[in-house]
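Participant: 3D model of this:
(chains A and B)
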Number of protein chains: 2
Amino acid sequence: MHSEKAAEKVVETPAVLIDIAVAKKNIARFQKHCDQHGIAIRPHIKTHKLPSMAKLQIAAGAVGITCQKIGEAEVMANAGIEDIFISYNILGTGKLQRLIELSKRCKLSVVADNGQVIDGLNQAFLGEPFPLEVLIECDTGAGRCGAQSPQEVLHLAKLIHNACGLQLGGLMTYPPMDDQNSVNSWLSQAKDILLEKDLPCPRISSGGTPNMWRAQEVSIADEHRSGTYIYNDRSLINAGHCAVEHCALTVKATVISRPTQTRAIIDAGSKILTSDLLGLDGYGLIKEAPEAIITSLSEEHGIIDLSETTWSPKVGDTINIIPNHACVVSNMVDYVYLKEEGKLSKTLIAARGLVT
Amino acid sequence: MHSEKAAEKVVETPAVLIDIAVAKKNIARFQKHCDQHGIAIRPHIKTHKLPSMAKLQIAAGAVGITCQKIGEAEVMANAGIEDIFISYNILGTGKLQRLIELSKRCKLSVVADNGQVIDGLNQAFLGEPFPLEVLIECDTGAGRCGAQSPQEVLHLAKLIHNACGLQLGGLMTYPPMDDQNSVNSWLSQAKDILLEKDLPCPRISSGGTPNMWRAQEVSIADEHRSGTYIYNDRSLINAGHCAVEHCALTVKATVISRPTQTRAIIDAGSKILTSDLLGLDGYGLIKEAPEAIITSLSEEHGIIDLSETTWSPKVGDTINIIPNHACVVSNMVDYVYLKEEGKLSKTLIAARGLVT
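Facilitator: Here you go, the predicted model:
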């Protein structure tokens, strides 16, 4: 412990620290849950964007990983990850060419929710030795992408099934977090319609972290994609899904100004904590004083209201913050500090900032 | 124009595009305004984080630049910028060592608003051949950092003046945007108190973009620090400070899904547009259809509500978005595309993501 504290002292703030022991416990806890219920885990790497973390997840039993951008998948394939699901509609000549290259280096699957995407994927993969596995994205109530009805799923399934460059991989949804039953019923209907028409439905993929302990309620699903569970964050604490001790990612900041008795300014602003509120008050949980509120952020400053706390940090004190949303914080910095067995290692976030 | 459109077609979305002609006009317009009023401009480079843009600003007449982090200043000094003001309290051994190195490569000034920061700066610069120029940050009403009263300014000024490693550089404020008069009166009182005690006050620095056309009303100030004015953004359009044609930075995105008649999904989410609302509804202005609303973002998806527009984009269409807040967008991507004379050049944002 002593050496860890000494090591942390030389970290220039603001900085993102990851407690590896906590992350490993989070991985093991959800893996055990899914093993008990016979659900495969395919973690979403957006939370960490680190090949080393993806490998920990796979070593614990994950069947592969989920990415949303080709750039992230390229980094993960380069690092040796063998089974990658890009849960995103891919469009455009440049991206399709990258997708072909990627498909030669890993077991790849993607999604589609419309004819244009299916047509583009098919045109790209027609001349390739193996067809590309394509799952149909279904909007089971979250209101983002996805086919709107099991009938629409059938229409898209026929397009994929009849496309020589493609292979129908099943169904995928990013579900609403509060109603597992209707998700299950939606996907069951869609699967039944496919099977009635002799169309294959080899894999059904659901996901989400807030609903992950109820993943088994979507009993029709074969796999669950969670991202945030590896680190957890303040939004998940507030929703009752985890406790402070389950949060692996913290932002270390320094108090740089104490203009008044009730105001402290820290060197962490939206450039590291982001403006994500996720419905919460304030921009993070200060571990040293949970009752102090980070009331506002500018890019390089965080403003803390001390009026409801007896805690009175001095200029130069460092504090540790659990951010509202862990995933977006990983995207703000080039490096994180991995904490393990009393040592800190500064590590490049290899898949950070890859927007395409 | 034809070649520009052809060049843009190969840009993989989402992408940040900068129209150099517009940026140059924005620079020239504010330079002219300040020249007419005898105010120096010291632009805040946080908006662009690009040495090439800083050089355009200096070529147009800026006296130097403003940074908030040493990392940004290091990049700018490496690129040959000669006069750098870090408007931030610097604390900690590592950062002070970097500050010493930086001071050897440019004319450097910093701020302080408390004794601990002054003491740290002084200890660091005591053995150096030249004292470090330190301005006193004043809280003239914005409620962030800064001395709370002219009396507190006097106390800090004495500390700096008596510190052998430091040199009193004057006053700095990040003012409230709506009351230039009280800012002027606050700073005038503080200056008077210093001069009464025979303390120097060679420079008074104010700033802000929403208030920039009224910079001259803070008549006591010698210089104005603006950042966003070079690109402008939706927040400044909505506040009446500029028009759409003054916005140099746009985010190019592709429609990847049309789940319903009133919903379009684009490939730009909070990972490029950020969650910054700045008091606005929606996450950006769609140039092709200003009445369409980007109602919510997840990291990689933007959801557009089409219910108030007859515009009906197809899957594969590209759109151009003026973000709510330009500065934070520059921090999200490794590269921007600079558009000039029909050509596009992909350019590394050299000072991106430098949090320390």
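Participant: wait, A:Ile294 sits on A:Ile286?
Facilitator: Yes. Under the criterion of Cβ atoms under 8 Å, A:Ile294 is in contact with A:Ile286, at a separation of 7.0 Å. C-beta coordinates here come from the backbone N, C-alpha and C atoms, glycine included.
Participant: find residues that contact each of the two.
Facilitator: Taking Cβ atoms under 8 Å, 6 or more residues apart in numbering or on different chains as the contact criterion, the common neighbours of A:Ile294 and A:Ile286 are A:Ile304, A:Ile321.
Participant: got phi/psi on A:Glu82?
Facilitator: phi -100, psi -20 (degrees, to the nearest 10).
Participant: what residues are up against it?
Facilitator: When contacts are taken as Cβ under 8 Å, 6+ apart, A:Glu82 is in contact with A:Gly64, A:Cys106, A:Lys107.
Participant: ignoring the adjacent residues along the chain, who's closest to the first one?
Facilitator: When you say that, I think you mean A:Gly64. Computed as Cβ to Cβ, 6 or more residues apart in numbering or on different chains, the closest residue to A:Gly64 that is not its neighbour in sequence is A:Asp83, at 2.9 Å.
Participant: can you pull the contacts of the one you found?
Facilitator: Taking Cβ under 8 Å, 6+ apart as the definition of contact, the neighbours of A:Asp83 are A:Val63, A:Gly64, A:Ile65, A:Cys106, A:Lys107.
Participant: what's the farthest-apart pair in these?
Facilitator: With distances taken as Cβ to Cβ, the most widely separated pair in the contacts of A:Asp83 is A:Val63 and A:Cys106, at 12.9 Å.
Participant: those two: who's more crowded?
Facilitator: Between A:Val63 and A:Cys106, counted using other Cβ atoms under 10 Å in any protein chain shown, A:Cys106 has the larger neighbour count: 19 against 15.
Participant: what about that one, distance to chain B?
Facilitator: 20 Å (Cβ to the nearest Cβ, to the nearest Å).
Participant: equivalent analysis for A:Leu108, please.
Facilitator: In this structure, A:Leu108 lies at 18 Å from chain B, with Cβ to the nearest Cβ as the measure.
Participant: so what's that residue up against?
Facilitator: Contacts for A:Leu108 were tallied using Cβ under 8 Å, 6+ apart; they are A:Ala73, A:Ile84, A:Phe85, A:Ile86, A:Leu99, A:Leu102, A:Leu132, A:Glu133.
Participant: tell me which element the fifth one falls in.
Facilitator: Put plainly, it is A:Leu99. Per DSSP states H and E, A:Leu99 falls inside helix A:93-103.
Participant: off-centre distance for that helix?
Facilitator: Helix A:93-103 has its C-alpha centroid displaced from the chain centroid by 23 Å (Cα atoms, centre = their mean, to the nearest Å).
Participant: just confirm A:Thr250 is within a strand.
Facilitator: Yes. When classified by DSSP: H, G, I helix; E, B strand; the rest coil, A:Thr250 is found to be part of a strand.
Participant: is it true that it touches A:Ala326?
Facilitator: No. With contact defined as Cβ under 8 Å, A:Thr250 and A:Ala326 do not form a contacting pair (9.5 Å).
Participant: looking at these two, which is more packed in?
Facilitator: Legend: neighbour count by other Cβ under 10 Å for A:Thr250 and A:Ala326, higher for A:Ala326 (30 against 27).
Participant: please report how far the closest residue to A:Thr250 other than its chain neighbours lies from A:Ile266.
Facilitator: Nearest non-adjacent residue to A:Thr250, counting by Cβ to Cβ, 6+ apart: A:Asn320, 4.6 Å away. According to Cβ to Cβ, to the nearest Å, A:Asn320 stands 11 Å off from A:Ile266.
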